[in-house]
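Novice: quick one: sequence and predicted model below, then my questions.
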Amino acid sequence: MTKRIYILLMCVGLWSSQSSAELTIEITEGVEGTLPVAVVPFAWLGAGKPPQDVAKIVSNDLRRSGRFDPMAMNDMLAKPTEPAQIKFQNWRIMEIPALVIGKVWLSGNPDFPYGVEFRVYDVFKEERIAALRYKVRKGQLRKVAHQISDIVYEKLTGEKGAFNTRIAYIKKLPQQAARPYGLFIADSDTANEQGILVSRFPILSPTWSPDNKKLAYVKASNLGAGIYIYDVSKQTQQRVTPKRSSYSAPSWSPDGKKLAMMLAKDGSTDIYVMDLQTREFKKITKHWAIDTEPSWSPKGDSLIFTSERGGSAQLYRYTFKTQKIKRITFKGRQNLRAAHSPDGSMITFVHLSSDRRYHIAVMELDSGLMRIVSSNSRGESEHESPSFSPNGSMIIYAANYPQKGAKTKRTGLVAVTVDGRMQQHFTDTGAGEVREPAWSSFLN
């Protein structure tokens, strides 16, 4: 077993003892050629301050995408909240092609205490291109703000937005805690963080089911590492693999009925597929070398996995119809931990380059064209665990980077656009260790 594969399977052993707190976001790389947009502060028709600043959330979402340059609110000459208040000529002079206005109010309805409406305008055509009104339950204003961001993004780019989504990740809690390992979920911007379970044993490799209702993950124990499924709505967990064997790296089939995984058995480490209803296993690979980290293709017709059968960790594709295996990566000392893009045209993975540094790479499957998308702008190293956003525009991963005023590095999350131009860091305010992010699919 190579050192890197060991790190990916048992990386919790490297986590330092730190306190845990919510994540904060910092955009550290800018992008030229972004589209200017003005998201005007939404009117608040109520007493005191609004529970959420909807316009600020929308503006931040658009900026994080790497596609937009939202105008600073202090630079706005006017702040219209109604169509009749808009003077398009003023926005044209400031070279702002798109304008978003809206308002939030108290509805008096106990089931839906808030109302929200917004409008999006093409400034140069002086046309409204989107408008919607919401009835909002308590605690759902952030969700609605992300939904508005998705609509604005889609209307201005022609692509579906992915702001109203979730990420899952692992945190290492204080060492003195009885249950030091935690599985967390949060909004795509890491707000609304929720710790959904804790364990005294290491937790690894969370992955969302296609319908976002469940999370599969690995939990180590004295009975062997097993794969569990957590039901998000029922808040229950269940072990789905037999005890006294070591399982790892679960990957959902596109229909959610099966899990691909690694099973270490009888001195061999191979890829298996388990039917979740019957609990029957089918052995996919059979080789003396280590086969691990399967990633199911979006069409369900193949798996990409990591194997050392060629002498070093590289990526291979198994095709179900032909039952044949083909190597697909050749550049670099190692390539591992692949994840498919939602449309199946690309994969992202961990790439060990000639300088012996681990980077996050993206490769087009048809052409084999590969590019590095992670950077070292803050002294990052040991990039790992990449996961695509559901619209394929961004990748989230974990990386080690220096702490201010400390000699040691810590691990946090980084999100980057697929072209590598926009980068943002998500750091734990308590200097905790955060690893193994997984991006959900689109939410309803």
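Specialist: Looks like it came in fine.
Novice: pretty sure R371 is touching A361, no?
Specialist: Yes - shown here, R371 and A361 form a contact pair, counting by CB atoms under 8 Å, at 6.7 Å. The way it works is simple: take the backbone N, C-alpha and C, and place the C-beta from them, glycine included.
Novice: neighbour count for those two, which is higher?
Specialist: For R371 against A361, the residue with the higher neighbour count under other CB atoms under 10 Å is A361, and the figures read 26 against 13.
Novice: show me which helix runs longest in this structure.
Specialist: Among the elements of type helix in the chain, defined by DSSP state H, the one spanning the most residues is helix 141-157.
Novice: so which elements touch that helix?
Specialist: If you count contacts as 3 or more CB pairs under 8 Å, 6 or more residues apart in numbering; DSSP states H and E, helix 141-157 packs onto strand 35-39, helix 54-64, strand 98-106, strand 114-122, strand 127-136, strand 181-187.
Novice: Serialize the ones you listed to JSON lines and add fields for mean pLDDT and mean neighbour count.
Specialist: Conversion of the helices and strands packed on helix 141-157 to JSON lines gives the following (pLDDT from 0 to 100; neighbours: other CB atoms under 10 Å):
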{"stretch": "strand 35-39", "mean pLDDT": "97", "mean neighbour count": "22"}
{"stretch": "helix 54-64", "mean pLDDT": "96", "mean neighbour count": "23"}
{"stretch": "strand 98-106", "mean pLDDT": "97", "mean neighbour count": "21"}
{"stretch": "strand 114-122", "mean pLDDT": "98", "mean neighbour count": "21"}
{"stretch": "strand 127-136", "mean pLDDT": "97", "mean neighbour count": "15"}
{"stretch": "strand 181-187", "mean pLDDT": "94", "mean neighbour count": "21"}
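Novice: can I get the ones you listed in CSV with distance to L197?
Specialist: Putting the helices and strands packed on helix 141-157 into CSV (distance: least, CB to CB, whole Å) gives the following:
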stretch, distance to L197
strand 35-39, 36
helix 54-64, 28
strand 98-106, 34
strand 114-122, 31
strand 127-136, 29
strand 181-187, 5
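Novice: out of those, flag the one nearest L413.
Specialist: In this view, the helices and strands packed on helix 141-157 are compared for proximity to L413 by CB to CB, and strand 181-187 is the closest at 10.0 Å.
Novice: what does the closest one rub up against?
Specialist: Residues from elsewhere that reach strand 181-187, judged by CB atoms under 8 Å, 6 or more residues apart in numbering: 12, 20, 23, 142-143, 146, 165-173, 192-203, 206, 215, 217, 230, 232.
Novice: show me the helices in the chain, by range?
Specialist: Assigned by DSSP H, the helices in the chain fall at 3-10, 54-64, 88-93, 141-157.
Novice: out of these, which is the most enclosed?
Specialist: Counting by mean count of other CB atoms under 10 Å, helix 54-64 has the highest mean neighbour count of those, with a mean of 23.
Novice: quick one: contacts of that helix?
Specialist: Contacts of helix 54-64 (CB under 8 Å, 6+ apart): 25, 27, 37, 39-42, 68-70, 73, 100, 102, 104, 116, 118, 141-142, 144-146, 148-149, 152-153, 161, 163, 189, 415, 422, 424.
Novice: repeat for stretch 203-213
Specialist: Under the contact criterion CB under 8 Å, 6+ apart, stretch 203-213 has outside partners 9-12, 166, 168-170, 181-183, 197, 214-220, 225, 229, 231-233, 248-252, 254-256, 436, 438-441, 443.
Novice: quick check: buried residues in that stretch?
Specialist: Applying a neighbour-count criterion of 16 or more other CB atoms under 10 Å, one finds 203-210, 212 buried in stretch 203-213.
Novice: that older thread, CA-only coordinates of the longest helix of the chain in CSV, if you can.
Specialist: C-alpha atoms of helix 141-157 as CSV (Å, rounded to 0.1, in the frame of the first residue of the first chain):
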residue,chain,number,x,y,z
LEU,A,141,-34.9,33.0,4.6
ARG,A,142,-31.4,31.9,3.8
LYS,A,143,-32.7,29.0,1.8
VAL,A,144,-34.9,31.4,-0.2
ALA,A,145,-31.9,33.7,-0.7
HIS,A,146,-29.9,30.8,-2.2
GLN,A,147,-32.9,30.0,-4.4
ILE,A,148,-33.0,33.6,-5.7
SER,A,149,-29.2,33.3,-6.4
ASP,A,150,-29.9,30.2,-8.4
ILE,A,151,-32.5,31.9,-10.5
VAL,A,152,-30.4,35.0,-11.1
TYR,A,153,-27.4,32.9,-12.0
GLU,A,154,-29.4,30.8,-14.5
LYS,A,155,-31.1,33.8,-16.1
LEU,A,156,-27.7,35.6,-16.6
THR,A,157,-25.6,32.6,-17.6
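Novice: quick check: S65 touching S389?
Specialist: No - between S65 and S389 there is no contact under CB under 8 Å: 9.4 Å.
Novice: excluding chain neighbours, give the residue nearest to S341 in space.
Specialist: In space, not counting the residues next to it along the chain, S341 is nearest to G392; the distance is 4.5 Å by CB to CB, 6 or more residues apart in numbering.
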